[in-house]
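**Q** Quick one: sequence and predicted model below, then my questions.
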Amino acid sequence: MISPVIKPQSTDDVSAIVVTVGVAILSIIIIAALYLGREIFVPVALAILLSFVLAAPVRLLQRLHVPRAAAVVAVVLFAFAVIFALGSVIATQLNGLAGDLPKYQTTILSKIQSVRGVAGGSSTLERAAEMLQDLGKELDKPKSVAPANPLTSGPAAKTGVKPVPVEVLQPDPGALESLRSLIAPLVSPLATTGIIVIFVIFILIQREDLRNRLIRLAGSHDLQRTTAALDDAAARLSRLFLNQLMLNTGFGVLIGSGLWLIGIPSAALWGILAAVLRFVPYIGAIIAAAFPLVLAVAVDPGWWMLAWTAALFFVIEPLVGHVVEPLLYGRTTGLSPVAVVVSATFWTALWGPIGLVLATPLTVCLVVLGRHVERLSFLDVMFGDRPALAPPEIFYQRMLAGDPTEAAEKAEQFLKERSLSAYYDEVAIKGMQLAQSDFDRAALDQTRLARIRDTVIEFVDDLSDQDDGPPVGQVADAEVVDAIETVAPSSDQPDIPVLDPEAVADRFRGEHAVLCIGGRTMLDEAAAIMLAQLCRAHGVGSRVEGPEALSTANIFRLETAGVALVCLNYIGITSPAHLRYAVRRLRRKLPGAAIMIGCWAEGVANIDELRETAKADLFATSLREATQIIVSTAQGDDRIVSPEASVRQASA
């Protein structure tokens, strides 16, 4: 039996395995340290976040010529005085609520009975009612019931033996024991608070030194850029957390006031809870609403209090989240929805309820660091809300996958704020340039090129009902917004008119007046398909031919009836000789047609040489510019509308 030959792993494979194992081990160590050291890390995390919030008031006092140490101490003491005041309010409210709970059992029982009557009887509701009745009996019992004396009811009673009373006496606790029992429950929270206060004070006093150390860790080879990035990150985080604190405080005040007007007990407690839980996006407000809703069911014999409480949250949360919040500090916290859920789960599992509150602020800090520190950029990719792929990369990836539907959906969103020609130039053509780069390095074969071309045909067909006119509407899709931000507003570009049949010159009135030909590859043909659609959108007839039409064997069989202008399309950089021969063949075949070269390649160094060698009539470097030239020529105007094209034509 011949044993199979096992190829030895390469050094790169071994290195990749070692790195992966190392990262996994390091991650496990970090997570274990965060869990086991939560008594230390939780106060440190709270101190860091509080320092971001308190940095702005400290800077304000410093501008008023208050010494830094005094400003820091004053701001920190005031902040913790407010925190302790809120804590006392919470304790008072909880104590009052606990005392009132037995009074609500009758209301709950009656509602269960009414619901059971409507539902026609339910074993679940019956068990719930019995449980509440048993609970009521236990609560109604006297606080102390004397246990039965076995000596008076057991065998000893029958023999007539007189029982001997026994009394167990406990010594009175001393003063130290009483003091210990009073202070012991307060030691842990007071120690944690003390650690937080100390950390906040030192972070605020030494913030420049901490910044410099972070710069050293990030890399000191570019001090100017790193310093600017970290200062910007710190300022952004400080504004974000301070604005969130102000907004959530206002939210809590509105909720607490509304619940007080409705009549919900302990309204101040639920207002504070709503303000705190709103630091958790998406689910915080839902959790905060659950407690008042349950209490509304228990307090009100009817259902109106429940309805008003639900309406209060349904009105205020969307109003604050979708109107006030975007006006105050932008649309989002910079985190993706999945990152919010994952971070909330992770930090809650590590640190409990306090981890749920800290999850979003901590993850925001990590994402901001990832955006400004190159070594931590993976954090931005994993948790940030910015698209992982650029819009041209998404377009190229969808074309590779043979999925024109998703690309068309993104394009339709894009067209709400930009024109069709802008989308083709800034997204689709740049995506085709990525494909051309892969083709140049032999990463794409002819089969995949054909798939890309066929997908582009379907994609363009999906957009066939779109006009290349002024955009209308707004879009909120993150990937589409990212694409829109890279494109100049359409208002800065002259509108290209849509020609009426009467406004078109006679030689351009044919159904195939413009012949768009792919220069060398099927990617060039894909660009020609886009240009042909733009021509039709502006009232000029067009058709497309592939690069094989330029061959010596096929050029003489090329259908030229009604063709007034030919546009050669090139995604990649081509040689001057190829352009010269292509133009020469077209001159022989169509002596009366204008010839335009469309060079859609980015960063062409020898563009002047290409123009001089080709001896073409017209030259364009973008689909929008080419469309402007074609429309202008179709109107019977030999002058070129685009200023850049005018210069090119004059120099040619």
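**A** Cool, got the structure. Numbers count the residues shown, from 1 in each chain.
**Q** Just give me the neighbour total for H578.
**A** Per other Cβ atoms under 10 Å, the neighbour tally for H578 reads 17. Any C-beta I mention is one placed from the backbone N, CA and C, and that applies to glycine too.
**Q** Model confidence score at it, please.
**A** Here the pLDDT value assigned to H578 is 82.
**Q** Ok, the one 4 residues further on next?
**A** What the model reports for A582 is a pLDDT of 88.
**Q** for the helix or strand containing it, which positions count as buried?
**A** Assigned by DSSP states H and E, A582 falls within helix 576-589. Neighbour-count burial for helix 576-589, counted by 16 or more other Cβ atoms under 10 Å, picks out 578-579, 582-583, 585-586, 589.
**Q** what does the domain assignment say about the chain?
**A** The record's domain parsing of the chain by automatic domain parsing lists 15-116+190-205, 394-651.
**Q** Now flag whichever of the buried residues of helix 576-589 is closest to A442.
**A** For the buried residues of helix 576-589, the residue nearest A442 by Cβ to Cβ is H578; the value is 19.5 Å.
**Q** if I look at that closest one, how far off is Q466?
**A** From H578 over to Q466 the distance is 33 Å, taken as Cβ to Cβ, to the nearest Å.
**Q** Also P576?
**A** According to Cβ to Cβ, P576 and Q466 sit 36 Å apart.
**Q** still on that earlier bit, what packs against the helix holding A582?
**A** Secondary-structure packing of helix 576-589 (3 or more Cβ pairs under 8 Å, 6 or more residues apart in numbering; DSSP states H and E): helix 552-555, strand 565-570, strand 594-599, helix 607-614.
**Q** so how many other residues sit close to the residue lying closest to G572 once chain neighbours are set aside?
**A** Excluding the flanking residues, the one nearest G572 by Cβ to Cβ, 6 or more residues apart in numbering is Q436, at 4.3 Å. As a burial measure, Q436 scores 24 neighbours (other Cβ under 10 Å).
**Q** where's Q436, which helix or strand?
**A** helix 429-440.
**Q** what does L358 give?
**A** Under the criterion of DSSP H and E, L358 resides in helix 353-372.
**Q** Can you give me the buried ones in that helix?
**A** Judged by neighbour count using 16+ other Cβ under 10 Å, the buried positions of helix 353-372 are 354-372.
**Q** So S188, which state does it fall into?
**A** Classification of S188 using DSSP: H, G, I helix; E, B strand; the rest coil returns helix.
**Q** any idea of the mean pLDDT for the next helix or strand after the helix holding L358?
**A** With elements assigned by DSSP H and E, the helix or strand that comes after helix 353-372 is helix 377-383. Here helix 377-383 scores 84 as its mean pLDDT.
**Q** Now do the helices in the stretch 401-550 of the chain.
**A** For the stretch 401-550 of the chain, applying DSSP state H, counting those that start in this stretch gives helices covering 404-414, 420-423, 429-440, 446-462, 478-485, 522-537.
**Q** could you give the angle of the first one to helix 429-440?
**A** Going by axes from the mean of the first three to the mean of the last three Cα atoms, to 10 degrees, helix 404-414 is angled at 140 degrees with respect to helix 429-440.
**Q** Please state the offset of helix 404-414 from the chain centre?
**A** Taking Cα atoms, centre = their mean, to the nearest Å, one finds the center of helix 404-414 at 19 Å from the center of the full chain.
**Q** The fourth one too?
**A** When C-alpha coordinates are averaged (Cα atoms, centre = their mean), helix 446-462 and its chain have centres 31 Å apart.
**Q** which strands and helices sit next to it?
**A** On a contact count with 3+ Cβ pairs under 8 Å, 6+ apart, helix 446-462 meets helix 391-400, helix 404-414, helix 429-440, helix 522-537.
**Q** Tell me which of the ones you listed sits most buried.
**A** Ranked by mean neighbour count, the helices and strands packed on helix 446-462 are led by helix 522-537 with a mean of 25 (mean count of other Cβ atoms under 10 Å).
**Q** Off-centre distance for it?
**A** Taking Cα atoms, centre = their mean, one finds helix 522-537 lying 34 Å from the centre of the chain it belongs to.
**Q** Render the CA-only coordinates of it in PDB, please.
**A** What follows is helix 522-537, C-alpha atoms only, in PDB (Å, rounded to 0.1, in the frame of the first residue of the first chain):
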ATOM      1  CA  MET A 522     -15.600  42.900 -22.000                       C
ATOM      2  CA  LEU A 523     -15.100  45.500 -19.200                       C
ATOM      3  CA  ASP A 524     -14.900  48.200 -21.900                       C
ATOM      4  CA  GLU A 525     -18.100  46.800 -23.400                       C
ATOM      5  CA  ALA A 526     -19.700  47.100 -20.000                       C
ATOM      6  CA  ALA A 527     -18.800  50.800 -19.900                       C
ATOM      7  CA  ALA A 528     -20.100  51.200 -23.400                       C
ATOM      8  CA  ILE A 529     -23.500  49.800 -22.200                       C
ATOM      9  CA  MET A 530     -23.700  52.500 -19.500                       C
ATOM     10  CA  LEU A 531     -22.800  55.300 -21.900                       C
ATOM     11  CA  ALA A 532     -25.500  54.000 -24.400                       C
ATOM     12  CA  GLN A 533     -28.100  54.100 -21.600                       C
ATOM     13  CA  LEU A 534     -27.200  57.700 -20.800                       C
ATOM     14  CA  CYS A 535     -27.500  58.700 -24.400                       C
ATOM     15  CA  ARG A 536     -31.000  57.200 -24.600                       C
ATOM     16  CA  ALA A 537     -31.900  58.900 -21.300                       C
END
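**Q** can you state the direction angle for that helix and helix 429-440?
**A** Using the same axes, to 10 degrees, helix 522-537 lies at 160 degrees relative to helix 429-440.
**Q** and helix 522-537 with strand 565-570, angle?
**A** Orientation note: helix 522-537 sits at an angle of 140 degrees relative to strand 565-570 (the same axes, to 10 degrees).
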